[in-house]
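Peer 1: please work out how this folds:
(one chain, ligands or ions: 1)
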Amino acid sequence: MKLYDGYIFDMDGVIYRGDEIIKDAITAINILKSKGCKVMFITNNSSKLAEEYVAKLKEIGVSPVADDEVMTSGDIAISYLKKELEQNPQKNNVLCVCGDAVKTLLRRAGFRIIDPKEYKKADYVIVGITTDFDWKLGNYASNAIAVYGAKFIATNPDIAKPVPNGEIFAGTGAIVKFIETASQTEPQIMGKPYPKMFEIAIQKMGLDKSKVLMVGDLLNTDIKGALDFGIDSAFVLTGLHKREDIQRFRITPTYVIESLMELVN
Ligand SMILES: [Mg+2]
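Peer 2: Predicted coordinates for the structure are as follows:
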């Protein structure tokens, strides 16, 4: 395969599967880094801060990763909200339907996290993954949006993911659907497959998008996002989706690879 100037890697299913490390992937990434290629690591999972992912990557043997080489869908949401705040500094009340990592990012960016009972004051409702979701919180959020004009932001659209015991873990997208249905309002979604994450990753690398390859294990987020954004993609078979899924989703990646070592060979 030709060498690209920049690579964007999805993490879960590409570099590791939960706690299991995909060794070849780490070797390949380190080779690309040693050749001077730029790399970014992105994830729709907003449950951790970028610096926590940096620590994890370091721990599993990826050569030094800077904090700004990792982006979560939470970071994308915050960069969007920061721009909004610059334009409307008085609009800083956020009703959070999300976990602690996104709340930390909001506080760092100068937002005020309101008690959900103060929903009438909300300027924004932000939805990310949280296990504390219930009807009451969903109803406050829906009212803030539908009745009181709060903007509806979601970190990512992922509906559910499989977990090791064969069950599923309901995702951010499932919470989004509750609020979207009740408020009859569509959210602005930040993570893959929507273009913002790709746009910001490429901006950070300072490269032309024709020189960048997206590497991911999910056709409907990683690969679809790359296609829609107009960058090349490598679909790696170490994650959730299998080769047969290309037909099912009707999403055709630039490359289908079994190991990240194919990127450097
Ligand atoms: Mg993945």
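Peer 1: what pairs with the least confident helix or strand in the chain by mean pLDDT, parallel or antiparallel?
Peer 2: Between all helices and strands in the chain, the lowest mean by mean pLDDT, DSSP states H and E belongs to strand 160-162, at a mean of 86. Note on strand 160-162: by DSSP bridges, its sheet partners are strand 168-170 (antiparallel).
Peer 1: chain center to the partner strand, what's the gap?
Peer 2: Per Cα atoms, centre = their mean, to the nearest Å, the displacement of strand 168-170 from the mean C-alpha position of its chain is 17 Å.
Peer 1: can I get the following helix or strand past it in PDB? Just the C-alpha atoms.
Peer 2: Next along the chain after strand 168-170, taking DSSP states H and E as the criterion, comes helix 172-183. Extracted as PDB, the C-alpha positions of helix 172-183 are listed here (Å, rounded to 0.1, in the frame of the first residue of the first chain):
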ATOM      1  CA  THR A 172     -25.500   7.600  23.400                       C
ATOM      2  CA  GLY A 173     -27.600   7.200  20.300                       C
ATOM      3  CA  ALA A 174     -30.300   5.400  22.300                       C
ATOM      4  CA  ILE A 175     -30.500   8.300  24.800                       C
ATOM      5  CA  VAL A 176     -30.500  10.800  21.900                       C
ATOM      6  CA  LYS A 177     -33.500   9.000  20.300                       C
ATOM      7  CA  PHE A 178     -35.500   9.500  23.500                       C
ATOM      8  CA  ILE A 179     -35.000  13.200  23.600                       C
ATOM      9  CA  GLU A 180     -35.200  13.600  19.800                       C
ATOM     10  CA  THR A 181     -38.600  11.800  19.800                       C
ATOM     11  CA  ALA A 182     -40.000  13.700  22.700                       C
ATOM     12  CA  SER A 183     -38.700  17.200  21.700                       C
END
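Peer 1: for helix 172-183, which helices and strands make contact with it?
Peer 2: Helix 172-183 sits against strand 124-127, helix 135-146, strand 151-154, with contacts defined as 3 or more Cβ pairs under 8 Å, 6 or more residues apart in numbering; DSSP states H and E. All C-beta spots, glycine's among them, are computed from the backbone N, C-alpha and C.
Peer 1: next one: whichever residue of the chain sits closest to the ion from Leu237, what distance?
Peer 2: Taking Cβ to the ion as the measure, the chain has Gly13 as its residue closest to the ion, at 3.6 Å. Separation of Gly13 from Leu237 (Cβ to Cβ, to the nearest Å): 10 Å.
Peer 1: mind listing the shared neighbours of those two?
Peer 2: Applying Cβ atoms under 8 Å, 6 or more residues apart in numbering, one finds that Gly13 and Leu237 are jointly contacted by Asp217.
Peer 1: okay, the two: which has more neighbours?
Peer 2: Neighbour totals were compared for Gly13 and Leu237, and Gly13 leads with 21 against 15 (other Cβ atoms under 10 Å).
Peer 1: the closest residue to Thr130 other than its chain neighbours - how many residues pack around it?
Peer 2: Closest residue to Thr130 apart from its sequence neighbours, by Cβ to Cβ, 6 or more residues apart in numbering: Gly99 at 4.7 Å. Residues near Gly99, counting by other Cβ under 10 Å, number 19.
Peer 1: for Gly99, give me its contacts.
Peer 2: Contact analysis of Gly99 by Cβ under 8 Å, 6+ apart lists 46-47, 128-131.
Peer 1: strands along the stretch 1-150 of the chain, start to end?
Peer 2: For the stretch 1-150 of the chain, applying DSSP state E, counting those that start in this stretch gives strands covering 6-10, 16-17, 20-21, 38-43, 70-72, 93-97, 112-113, 124-127.
Peer 1: partners of the fourth one, with directions?
Peer 2: Strand 38-43 pairs in its sheet with strand 6-10 (parallel), strand 70-72 (parallel), by DSSP bridges.
Peer 1: Ser233 touches Met214, doesn't it?
Peer 2: Yes. Ser233 is in contact with Met214 according to Cβ atoms under 8 Å; the separation is 4.6 Å.
Peer 1: overlap of the contact sets of these two?
Peer 2: Common neighbours of Ser233 and Met214 (criterion: Cβ under 8 Å, 6+ apart): 222-223, 226.
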